[in-house]
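K.L.:
coords please:
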Amino acid sequence: MIGSDFQHKLNQVLSEFNSTWIDLKTSFDYVFEAAKDFAKESKTCHGTQTITTVAGQAAYDVNPDFLECMTTDDSGNGIIQYSDGTNSNWLGQESYSDYLQNENSAGTPDSFCITDAAIKTRKTGTATSNGVHAGGESVLTDTAASFLSLYPGDAIVNTTKSYYGFVIAVPTTATAVTTAMFDLSGRGGAYASWASSDAYIIIPEARYKVYLDPPPVSAAQTVTISYYAKPLPVYSDYGLYPFATGYEEALIKYAAWLYKYRDSKPQLADPFYMAYERQMRKAKNVNRKAVGAAGFRVNFMK
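P.N.:
The predicted model follows:
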């Protein structure tokens with residue numbers, strides 16, 4: 001189900017066509033909240049990250065869509081793979097407080113922790129060409145910029161026109177990034193475009209870091225993190241969430257629940273959440289059968 005269909009079906013469920021009570025951006029917000037919760041609970045989105053070590057460096061950025069480690073030991077603790085190019089071993093997850101207390105000198109890592117990272121620096125600049133939206137997607141171009149560190153979900157403000165939106169695709173070039181922008185001056189929250197000379201601020205969303213314990217003594221070693229992932233945001237007509245067909249109705253029910261808690265009768269919201277929970281539990285069971293396992297475990301015994 002694409003973004004425009006989510007909008008249509010959510011309006012149907014709420015019986016709010018041509019209403020000023022709902023608006024385009026809020027509806028996308030609520031469906032995205034539903035998608036994030038659904039992915040976390042049902043574990044239906046997966047990702048893999050490969051990190052190349054730097055000698056003596058403990059901390060490395062984790063992909064922004066990371067939720068939790070997919071591989072675990074028999075006790076359910078997170079596990080990541082460490083390789084020197086010839087041999088591989090598994091590092092067990094520890095708490096950040098344990099990591100701080102260890103204060104190990106550089107060596108071969110035998111454990112790791114994951115904790116929040118400092119907010120990345122905002123990016124500012126000026127659009128150098130027009131970016132007219134098509135189905136809600138518009139390209140911000142700045143020939144003086146470097147957008148490659150951005151990620152879907154990073155917030156963008158057009159400070160010239162007070163438009164607000166998000167990065168919605170991983171940048172493939174340094175000077176252009178695909179966005180979804182909204183004009184919030186009216187109640188409908190209509191799609192907006194970029195014009196040459198529009199000033200912008202980009203605010204990266206929160207991220208995690210992984211700390212290797214002890215810090216690796218050698219460079220060019222490989223860390224592989226398999227993880228359950230947060231879905232990329234859908235804020236345009238043609239965006240699509242990566243869930244198997246049949247789970248869309250659960251997201252709509254969750255979004256309707258959030259809307260109804262703004263209603264004059266919030267008790268009407270509860271049936272929507274109950275319907276979401278039933279469908280989410282079913283999705284969790286179906287997904288685990290589909291992948292052929294209840295989880296991914298690593299046994300240290302040889």
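K.L.:
low-confidence regions, the stretch 151-300 of the chain specifically.
P.N.:
For the stretch 151-300 of the chain, the stretches with pLDDT under 70 are 187-188, 287-300.
K.L.:
where do the strands sit along it?
P.N.:
Using DSSP state E, counting those that start in this stretch, the strands assigned to the stretch 151-300 of the chain run over residues 155-158, 163-167, 176-183, 190-192, 199-203, 208-213, 222-229, 296-297.
K.L.:
those strands: which one's closest to residue 21?
P.N.:
strand 190-192 (16.1 Å; C-beta to C-beta). Placement of C-beta: from N, CA and C, glycine included.
K.L.:
quick one: the closest one to chain centroid distance?
P.N.:
How far strand 190-192 lies from its chain's middle: 23 Å, per C-alpha atoms, centre = their mean, to the nearest Å.
K.L.:
how about stretch 160-172?
P.N.:
With C-alpha atoms, centre = their mean, you get 15 Å for stretch 160-172.
K.L.:
which parts of that stretch are buried?
P.N.:
161, 163-169, 171 (16 or more other C-beta atoms under 10 Å).
K.L.:
re the thing from before, mind putting the strands of the stretch 151-300 of the chain in JSON lines, distance to residue 20 included?
P.N.:
Shown next, in JSON lines, are the strands of the stretch 151-300 of the chain (distance: least, C-beta to C-beta, whole Å):
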{"stretch": "strand 155-158", "distance to residue 20": "24"}
{"stretch": "strand 163-167", "distance to residue 20": "19"}
{"stretch": "strand 176-183", "distance to residue 20": "15"}
{"stretch": "strand 190-192", "distance to residue 20": "13"}
{"stretch": "strand 199-203", "distance to residue 20": "28"}
{"stretch": "strand 208-213", "distance to residue 20": "39"}
{"stretch": "strand 222-229", "distance to residue 20": "36"}
{"stretch": "strand 296-297", "distance to residue 20": "47"}
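K.L.:
just say helix, strand or coil for the residue lying closest to residue 251 once chain neighbours are set aside.
P.N.:
Leaving aside its sequence neighbours, residue 251 sits nearest to residue 34 (C-beta to C-beta, 6 or more residues apart in numbering; 4.1 Å). Classification of residue 34 using DSSP: H, G, I helix; E, B strand; the rest coil returns helix.
K.L.:
shouldn't residue 34 be in contact with residue 249?
P.N.:
No: if you go by C-beta atoms under 8 Å, residue 34 and residue 249 don't touch, sitting 10.6 Å apart.
K.L.:
the more surrounded of the two?
P.N.:
residue 34 (25 against 14; other C-beta atoms under 10 Å).
K.L.:
out of the strands of the stretch 151-300 of the chain, which is closest to residue 238?
P.N.:
Residue 238 sits nearest to strand 176-183 of all these, at 10.6 Å, using C-beta to C-beta.
K.L.:
please give me every residue in contact with the residue lying closest to residue 229 once chain neighbours are set aside.
P.N.:
Distance criterion C-beta to C-beta, 6+ apart; nearest residue to residue 229, sequence neighbours excluded, is residue 47 at 3.8 Å. Contact analysis of residue 47 by C-beta atoms under 8 Å, 6 or more residues apart in numbering lists 63, 65-66, 226-229.
K.L.:
residue 38 too?
P.N.:
By C-beta under 8 Å, 6+ apart, the neighbours of residue 38 are 44, 243, 247, 250-251, 254, 280, 283.
K.L.:
buried stuff in stretch 144-160?
P.N.:
145, 147, 150-154, 156-158.
K.L.:
which sections of the stretch 1-150 of the chain are below the confidence cut-off?
P.N.:
Checking the stretch 1-150 of the chain against pLDDT under 70 turns up 18.
K.L.:
one step back: what's the closest of the contacts of residue 38 to residue 179?
P.N.:
For these, the nearest to residue 179 is residue 251 (22.3 Å; C-beta to C-beta).
K.L.:
OK, contacts around that closest one?
P.N.:
Residue 251 touches 6, 31, 34-35, 38, 241, 243, counting by C-beta under 8 Å, 6+ apart.
K.L.:
now, those that are in helices?
P.N.:
Under the assignment DSSP state H, the contacts of residue 251 contribute 6, 31, 34-35, 38 to helices.
K.L.:
next, format those residues as TSV and append distance to residue 120.
P.N.:
TSV is the format used below for the ones in helices among the contacts of residue 251 (distance: C-beta to C-beta, whole Å):
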residue	distance to residue 120
6	30
31	26
34	27
35	23
38	27
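K.L.:
with distance to residue 16 and neighbour count added, can I get the contacts of residue 47 in CSV?
P.N.:
As requested, the contacts of residue 47 are exported to CSV (distance: C-beta to C-beta, whole Å; neighbours: other C-beta atoms under 10 Å):
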residue, distance to residue 16, neighbour count
63, 37, 16
65, 31, 20
66, 35, 19
226, 41, 17
227, 37, 23
228, 34, 19
229, 32, 23
